[in-house]
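Participant: A predicted structure for the sequence below; I have some questions about it.
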Amino acid sequence: MLRKSFQKQYFIVDGDKVQPKAKKMEEIPDCCIKCPGCGETFLEEDVKKNLMVCKKCNKHMFITSEQRLEDLFDDGEYQLLFADISTKNPLDFPGYEEKVQAYQKKSGLNEAVSIARGNIDRMGALVGVMDSRFMMGSMGSVVGEKITRAAELAVVERLPLILFTASGGARMQEGIISLMQMAKTSAALGRLESEKLPFFIVLTHPTTGGVTASFAMLGDIILSEPGALIGFAGPRVIEQTIKQKLPEGFQSAEFQLEKGFVDAIVDRAEMKKTLGSLLRMHGGEPNEHIG
Amino acid sequence: MSTLDKEKHIDELEKQIASLAVFSEEQGLDLSREILKLRKKLAALRTQNLKSLEAWDKVTLARLRGRPTTLEYIDYIFDDFIELHGDRGFGDDSSIVGGVAFLNGRAVTVIGQQKGRDTQESIARNFGMTLPEGYRKALRLMKQAEKFNRPVILFVDTPGAFCGIEAEERGQGEAIARNLMEMSRLKTPIISTVLGEGGSGGALGLAVADKVFILENATYSILSPEGFATILWKDAGLAKKAAKVMKITADDLLELGVVDGIIAEPLGGAHKDRESVFKKTADLLKDTLTELSELGTEELLEARYQRFRAFGSFHEDIQHEER
Ligand SMILES: [Zn+2]
């Protein structure tokens, strides 16, 4: 029985569904957003102004990687790095290239992570942001390579590294090569750590599977947005395995804080300020020019 | 007839030959011609069967109850094994055995996932599905090995890391991640061998090594074929097809560079002639250890880093490198 249930395993990642920007129910007019947390309807404009956070219940809604980068860096200015790496098909998995291309077209992203260099409170930093719109933020060759290069570049340029995670886990279509990205990124971050350079993680909804079991849990400091789902096995897989409903709030950021796997939960509105303070406390010195 | 059904047929044939031999001895009859004929048939069947082993057959063989387990390898290959328990934080995970022993006269740390040899042991050992404290125990022993300059010998045999409430509460993700990072820079040689099932992150947590070997009929994969089929095709029944496209057999993995060598198994699987497999594994470990011991620490760590750094399949438009 154990074996059988286990076969419905944990690294969830399909990539069939692009996460909708915000759920728009039929009765909600175009200009409005219904909060998935409390059900209240707000003007889209107002929610956007509030960084896609519900004013009533503090629900942190989906935000694009472009928006995160813009909000984080001074004057919204940054330089994208390694932006032209795109995946091949290591297992010759049928239809994989077409699928990736379709996602590229649909999301305007080249892959599930963007790496950028810029200033936060006038301190230089490398920042990576994962985006769940791209095949559920799954980690394949490109995500692994970009994270690895970011860590290696941080060592060369003596810069801090900040990664915002969002991932359903491994990129199934890349099979074992996807698994190897966990070792590859962890090894690169090991070098960053050996060099005593700061590495901060910001967990965002959802962070699961192979990303949780590699770089997401290796930050010197691990922050999380409120309410984010953070776990190794996805909740549905666990429920199928143990044939039992999971308690409310299981694997939430708040749960992980209580269990000791998250340092602090930080509201989106406070994120830049918090990261800026942390950078200063880790030897960051304001510079005059970008780059 | 599936390959494993053919295996049963072979088993029956073997028994037939054995009983015929006994019969001829007891009755003083010369049945050597008949026996020879059957032996030839058996040999032909075996060869044919070996060649027709498909990915799914290997999945079945890798999971087979009765396949030699980590403790049996340890017993045969190492001398004076002393098992060491616990992660010093939470408890002792029985899905992982670890300890110190001699390999060819040299003190080593040996750690492996232990599936059960019978139902009772399987349950006691969680079917080889490791909990966070298991990975932490392994890491504790590896750090200890580093401190005392002992090489680390690892055996992988797991359907996957344990999936459940307690595993999440105790940080399964963190435990595996920590192992990956620490193993990538552990200042002592590491050799890891996949004995049966190499189930995903649960296997990788014991497989960041200088050399990774695999038994001929073992598998190493991102997910079980059943899980893979469920996720991508919404049908666990397509597991056989999944096994094929996932590239999880020893040959596929060697080609992809995921493993560095394959340990041959006797016809029909490792359980058919355990000692020959133990012997081959022992020889390979000894030779590899000698080879790795010639490298300086820096060289060793750089090679280990590059071994994993190289995984990935992508193209890049250099002109637009930084935009
Ligand atoms: Zn709300």
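Facilitator: Thanks, I have it. Predicted model only: the values in this text are computed from it and were never measured. Residues are numbered from 1 along each chain as shown, chains lettered A, B, ... in the order given.

Participant: tell me which helix or strand residue 284 sits in.
Facilitator: Just so you know, I chose chain A. Residue A:284 belongs to no helix or strand when assigned by DSSP states H and E.

Participant: looking at chain B here, not the other one
Facilitator: helix B:274-293.

Participant: elements contacting that helix?
Facilitator: Helix B:274-293 sits against helix B:70-77, strand B:96-103, strand B:190-199, strand B:211-215, strand B:261-263, with contacts defined as 3 or more C-beta pairs under 8 Å, 6 or more residues apart in numbering or on different chains; DSSP states H and E. For every residue, glycine as well, the C-beta is placed using N, CA and C.

Participant: quick one, domains of chain B?
Facilitator: B:3-52, B:60-309 (automatic domain parsing).

Participant: start to end distance for the last one?
Facilitator: Going back to what we said before, that points to domain B:60-309. Domain B:60-309 has its terminal residues 32 Å apart, counting by C-alpha to C-alpha, to the nearest Å.

Participant: shaky segments in the chain?
Facilitator: Defaulting to chain A. In the predicted model of chain A, residues A:1-27, A:288-291 satisfy pLDDT under 70.

Participant: hmm, no, I was thinking of chain B.
Facilitator: Those would be B:1-4, B:50-51, B:318-323, if you go by pLDDT under 70 across chain B.

Participant: what about the helices in it?
Facilitator: B:3-27, B:32-51, B:55-63, B:70-77, B:119-124, B:132-147, B:165-169, B:172-184, B:200-204, B:225-233, B:239-245, B:250-256, B:274-293, B:297-309 (DSSP state H).

Participant: contact partners of the third one?
Facilitator: Helix B:55-63 has contacts (C-beta atoms under 8 Å, 6 or more residues apart in numbering or on different chains) with A:3, B:2-4, B:53, B:67, B:159, B:196-197, B:217-219, B:225, B:239-240, B:243-244, B:246, B:248-250, B:269.

Participant: most neighbours per residue, which of the domains of chain B?
Facilitator: Of all the domains of chain B, domain B:60-309 carries the top mean neighbour count, a mean of 21, counting by mean count of other C-beta atoms under 10 Å in any protein chain shown.

Participant: hang on, the earlier thing: so what's the gap between the helix holding residue B:284 and the chain middle?
Facilitator: 14 Å (C-alpha atoms, centre = their mean, to the nearest Å).

Participant: need the longest helix for chain A.
Facilitator: Under DSSP H, chain A gives helix A:175-194 as its longest helix.

Participant: where does the residue sitting nearest the centre point of chain A land in three-state SS?
Facilitator: Using C-alpha atoms, centre = their mean, the residue of chain A that lies closest to the mean C-alpha position is residue A:165, 2.1 Å off. When classified by DSSP: H, G, I helix; E, B strand; the rest coil, residue A:165 comes out as strand.

Participant: how much space between it and residue B:238?
Facilitator: Distance from residue A:165 to residue B:238, counting by C-beta to C-beta, to the nearest Å: 31 Å.

Participant: pick out the residue of the stretch 151-291 of chain A closest to the ion.
Facilitator: Residue nearest to the ion within the stretch 151-291 of chain A: residue A:227 (10.4 Å; C-beta to the ion).

Participant: could I get the contacting residues of that residue?
Facilitator: A:37, A:58-60, A:205, A:252-254 are the contacts of residue A:227 under C-beta under 8 Å, 6+ apart.

Participant: repeat that for residue B:308.
Facilitator: Here residue B:308 is in contact with A:180, A:183-184, A:187, B:184, B:208 (C-beta under 8 Å, 6+ apart).

Participant: Throw these into CSV and include distance to the ion, thanks.
Facilitator: Supplementary listing: the contacts of residue B:308 in CSV, determined by distance: C-beta to the ion, whole Å:
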residue, distance to the ion
A:180, 40
A:183, 40
A:184, 39
A:187, 41
B:184, 42
B:208, 43
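
Participant: can you name the two of those residues that sit furthest apart?
Facilitator: A:180 and B:184 (11.9 Å; C-beta to C-beta).

Participant: just grab the bridge partners of residue B:106 for me.
Facilitator: Bridge pairing for residue B:106 (DSSP bridges) gives the partners residue B:103.

Participant: which parts of the stretch 51-200 of chain A sit against the ion?
Facilitator: A:54, A:56-57, A:59 (C-beta under 5 Å from the ion).
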